[in-house]
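Q: I would like to see how this sequence folds:
(one chain, ligands or ions: 1)
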Amino acid sequence: MTRPDIRSVAVIGGDGIGLEVTAQGRRILELVAEKRSLPVKLVDVDYGVDAYKAHGEVLPDLTRRAMRDADAILFGATGGPAFDAIPAQARKAGSLLVVRRDFNLFANLRPVKVMPALYEASSLKQRVLEGLDMVIVRELVGGVYFGEPRGIETLPDGERRGVNTHAYTSTQIRRVAHVAFELARTRKGRVCSVAKENVMEAGRLWREEVQAVHDADYADLELTHMLADNCAMQLVRAPAQFDVIVTDNLFGDILSDCAAMATGSLGMLPSASLGPVEDDGRRAALYEPVHGSAPDIAGKELANPIGSILSVAMMLRFSFGMGKEADLIERAISDAVASGARTADIANGSRHLSTAEMGDAVASKLTALLN
Ligand code: NAD
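A: Below is the predicted model:
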């Protein structure tokens, strides 16, 4: 066990580009810790393909323990062809879904903020990007990714049938709604709840419960409701209309990848996955970029590490109460990008930096800001 005044962070690169981008997030965390004399203990542990090769398990006990003991977890990514080749039982036993469920990480915050220097990198026009600054709050431990029954069965006539169950309880909906409203209170005070209540009963319950939470505790804030298909369209038509979106596990997964392109790349988006606040004030927290292991670019130093570095900023803000330093990391990234630093995904075909060079560019700006 660490001394209580020492912050312990479990660092888990995982698979594919997760390893590359986490190395950059980790160094930025170390830099802040050094410059601000923050006692941080970083515990590097294996997960995924490397862990399976070394220990025969995707999520070895040592890793699970490090995650449980940590004040925060910095995670990279999971998945890819080598991961898919692991026998199903071993793969499922340690999957990221299991981690999210076991640590009860029910609220996933995904900020989407556009940097003016990257208007050109976005697939959208500048005029629709101006002022875009939203957070998608995705429910993370319920819905169709977890519902039972699930599986693939063979019917008597030989036909195969795949089954998943989309289910939500009022408690699951209400607690994530509270997170969204509390967050909106610190922002522009507007929440848009997204579901498919026109065709799904669980969607109708979603809408009713979010409305009830609003009416009981947050009537001073604005609440609107939007169907998920319309939301997908609005995210590319006029994304700056949103402040906080609260939605379920599946829609949150899809809509946030869509929203990411406003920023120029999926590689730009961070996330915080938070558990409930315990009696002693602690809460489980896992910080990771929104993207996956990107097998198409893994091992080539082409990945954009900004999503991981911004995830470190979220860690400082939500787990360590260091909002000022979090702001400085965000500013360092903006400064680096404004001075021309680009990884391939946001370079529009012009000269680009490697993953580590982008880390250098941000570290250099941040060093100046922290001095
Ligand atoms: P992906 O997010 O890995 O990649 C989608 C596309 O975006 C790819 O073209 C990739 O090159 C690009 N991209 C992603 N991150 C980037 C970055 N940081 N810099 C530059 N480009 C980036 O999604 P995918 O290819 O559909 O999935 C690959 C694997 O990742 C799958 O096994 C999937 O299950 C897994 N996955 C894991 C997570 C996670 O760990 N939380 C999230 C999503 C997908």
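Q: Just the element for the spatially most central residue of the chain, please.
A: By C-alpha atoms, centre = their mean, the chain has its centre lying nearest to Ser271, at 2.6 Å. Under the criterion of DSSP states H and E, Ser271 resides in strand 270-274.
Q: So in that sheet, which strands flank the helix or strand just after that strand, and in what orientation?
A: Using DSSP H and E, the helix or strand that directly follows strand 270-274 along the chain is strand 285-289. According to DSSP bridges, strand 285-289 forms sheet pairs with strand 72-77 (parallel), strand 270-274 (antiparallel).
Q: wait, what's in contact with the residue lying closest to Tyr287 once chain neighbours are set aside?
A: Nearest non-adjacent residue to Tyr287, counting by C-beta to C-beta, 6 or more residues apart in numbering: Ser311, 4.0 Å away. No exception for glycine: its C-beta is placed from N, CA and C like everyone else's. Residues counted as contacts of Ser311 (C-beta atoms under 8 Å, 6 or more residues apart in numbering) are 25, 74, 270-272, 287-289.
Q: rewinding a little: who touches the residue nearest to the centre of the chain in this structure?
A: Going by C-beta under 8 Å, 6+ apart, Ser271 touches 108-110, 287-290, 311, 314.
Q: beta partners of it?
A: Counting by DSSP bridges, Ser271 forms beta bridges with Glu288.
Q: hmm, back to that, the ligand: which of the strands paired with strand 285-289 is closest?
A: Nearest of the strands paired with strand 285-289 to the ligand, taken as C-beta to the nearest ligand atom: strand 72-77 at 3.8 Å.
Q: Give me the secondary structure label for the residue of the chain most remote from its centre.
A: The C-alpha centroid of the chain is most remote from Asp157, which lies 42.8 Å away (C-alpha atoms, centre = their mean). The assignment at Asp157 comes out as coil when based on DSSP: H, G, I helix; E, B strand; the rest coil.
Q: May I have the phi/psi pair for it?
A: Per-residue torsions, Asp157: phi -90, psi 10 (degrees, to the nearest 10).
Q: just so I have it, where are all the helices in this structure?
A: With helices called from DSSP state H, the chain shows them at 17-35, 49-55, 61-69, 81-84, 88-93, 96-102, 126-129, 170-185, 201-217, 228-237, 249-260, 306-318, 323-338, 355-370.
Q: Could you single out the most deeply buried of those?
A: Most buried of the helices of the chain by mean neighbour count (mean count of other C-beta atoms under 10 Å) is helix 306-318; its value is a mean of 26.
Q: And for whichever residue of the stretch 1-150 of the chain sits closest to the ligand, the neighbour number?
A: Here the residue of the stretch 1-150 of the chain nearest the ligand is Gly79; by C-beta to the nearest ligand atom that distance is 2.3 Å. Look at Gly79: counted by other C-beta atoms under 10 Å, it has 20 neighbours.
Q: hmm, back to that, okay, the residue nearest to Tyr287 and Asp220: tell me how far apart.
A: 31 Å (C-beta to C-beta, to the nearest Å).
Q: Next: Asp69.
A: 40 Å.
Q: coming back round to it: let me see the contact set for the residue of the stretch 1-150 of the chain closest to the ligand.
A: 15-16, 48, 292-293.
Q: give me the subset of those residues touching the ligand.
A: Intersecting the contacts of Gly79 with the contacts of the ligand gives 292-293 (criterion: C-beta under 6 Å from any ligand atom).
Q: Throw the contacts of Gly79 into JSON lines and include pLDDT and neighbour count, thanks.
A: What follows is those, written out as JSON lines (pLDDT from 0 to 100; neighbours: other C-beta atoms under 10 Å):
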{"residue": "Asp15", "pLDDT": "98", "neighbour count": "25"}
{"residue": "Gly16", "pLDDT": "98", "neighbour count": "28"}
{"residue": "Gly48", "pLDDT": "98", "neighbour count": "30"}
{"residue": "Gly292", "pLDDT": "97", "neighbour count": "19"}
{"residue": "Ser293", "pLDDT": "98", "neighbour count": "24"}
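Q: which of the contacts of Gly79 sit farthest apart?
A: Gly48 and Gly292 (11.5 Å; C-beta to C-beta).
Q: what sits in contact with each of these two?
A: By C-beta under 8 Å, 6+ apart, the residues touching both Gly48 and Gly292 are 78-79.
Q: on that earlier part again, buried ones in the strand holding Ser271?
A: Neighbour-count burial for strand 270-274 flags 270-274 (criterion: 16 or more other C-beta atoms under 10 Å).
Q: Just the C-alphas of that strand, formatted as PDB.
A: Coordinates of the C-alpha atoms in strand 270-274 are reproduced here as PDB (Å, rounded to 0.1, in the frame of the first residue of the first chain):
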ATOM      1  CA  PRO A 270     -10.000  11.900 -24.200                       C
ATOM      2  CA  SER A 271     -12.400  10.300 -21.800                       C
ATOM      3  CA  ALA A 272     -12.900   9.700 -18.100                       C
ATOM      4  CA  SER A 273     -14.800   6.700 -16.800                       C
ATOM      5  CA  LEU A 274     -16.000   7.300 -13.300                       C
END
